Every structure is written in C-alpha cells, then in structure tokens.
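A.B. asks: Curious how this folds, go ahead:
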Amino acid sequence: MNYLTNILYNTAENQNFRTVLHTGSKSQLVVMSIPPGGEIGMETHRSVEQSLFFLSGTGVAILNGEKRELQAGDVLVVAPGTEHNVLNTGDVPLKIYTIYAPPNHLDGRIHATKEDADRDEEDEAFGHANE
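C.D. replies: Numbering: from 1, shown residues only. So this is what the prediction gives:
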C-alpha cells in the first residue's frame with residue numbers, strides 16, 4: 001500500500017501526542033507533539049527499530065542511560081533493545097515524525113495526550129505482539 005503526504009506540514013500542524021498517519025506491511029509513519037516539560041516515556045522495543053526526525057523544538061534523548069541533546073533538524077535512530085526516552089526541554093512543543101519498522105501502533109490510532117496513550121491497553125498489546 002502506497003502513501004503520499006507532506007510530512008513537514010502534517011508534523012507542524014499535529015496537536016496530538018501521537019497520530020498514526022500510515023501503516024504499511026513493514027513500517028509505520030507517526031507524528032508526535034510533545035508539550036514543554038513532557039516526554040515520550042521510557043520504553044524498549046525488542047524487535048522494532050525507530051527513526052525519529054525532529055522538526056522543531058529542543059529536547060534530550062536518553063539512550064541506555066546516556067543523555068544526548070536534540071534540536072530541530074536532528075535524526076535519532078533507536079536500535080531494537082535500546083531503553084530510550086525523549087524529553088522536551090524547551091518552551092514550545094517538540095514536533096517529531098517517526099518511522100517504526102515493523103509497525104508498533106494500531107493503524108489510524110490517535111492519542112491526544114500521553115495519558116491517553118498510556119491508558120490504551122489495546123494499542124500497547126499490539127506493540128508488544130510485534131516484539
């Protein structure tokens with residue numbers, strides 16, 4: 001299944017914590033907006049590689065306990081098995097588009113807030129099933 005969009009526009013305009021834009025057979029495209037002081041949350045994907053592209057804002061990535069500064073234009077590739085988190089250290093939303101390979105969320109899923117995402121047991125179960 002093919003998909004075409006203006007990812008810079010979709011990322012900039014996204015107001016949700018996480019919006020799944022497209023799910024293919026081997027990868028998934030997601031946009032995220034992390035509010036100031038917010039975070040993605042510490043997680044580890046055993047079999048999923050995640051590539052995060054930072055459109056705007058500033059933050060810190062924590063990869064297996066090591067902190068790395070992030071800014072607009074950066075790309076972070078998280079290898080399977082890496083414990084990781086991304087925190088927004090700026091005063092504007094951290095805008096990210098990310099690719100999961102294989103998919104890690106239910107197709108079309110939208111979480112307005114991190115709390116919504118944390119409560120979504122069906123989506124969490126889908127992510128763990130791919131590991």
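
A.B. asks: Scan this protein for its longest helix.
C.D. replies: helix 121-129 (DSSP state H).

A.B. asks: Distance check, G41 against A12.
C.D. replies: If you measure G41 against A12 using C-beta to C-beta, to the nearest Å, the figure is 23 Å. Every C-beta, even on glycine, is put in place using the N, C-alpha and C of the backbone.

A.B. asks: Of these two, which one has the most company?
C.D. replies: Using other C-beta atoms under 10 Å as the criterion, G41 and A12 rank with A12 on top: 15 against 12.

A.B. asks: Can you verify my assumption that that one contacts L94?
C.D. replies: No - assessed by C-beta atoms under 8 Å, A12 is found out of contact with L94, at 11.9 Å.

A.B. asks: hmm, back to that, could you list every helix and strand that the longest helix of the chain packs against?
C.D. replies: Packing contacts for helix 121-129, counted by 3 or more C-beta pairs under 8 Å, 6 or more residues apart in numbering; DSSP states H and E, involve no helix or strand.

A.B. asks: residue contacts, the spatially most central residue of the chain?
C.D. replies: Central residue of the chain (C-alpha atoms, centre = their mean): T98, 5.1 Å from the mean position. T98 is in contact with 29-32, 50-53, counting by C-beta atoms under 8 Å, 6 or more residues apart in numbering.

A.B. asks: give me that answer again for 6 Å
C.D. replies: 30, 50, 52 (C-beta atoms under 6 Å, 6 or more residues apart in numbering).

A.B. asks: One more: H22?
C.D. replies: 3, 29.

A.B. asks: got the phi/psi numbers for N16?
C.D. replies: phi -90, psi 150 (degrees, to the nearest 10).

A.B. asks: and it, how many neighbours?
C.D. replies: When neighbours are counted by other C-beta under 10 Å, N16 registers 16.
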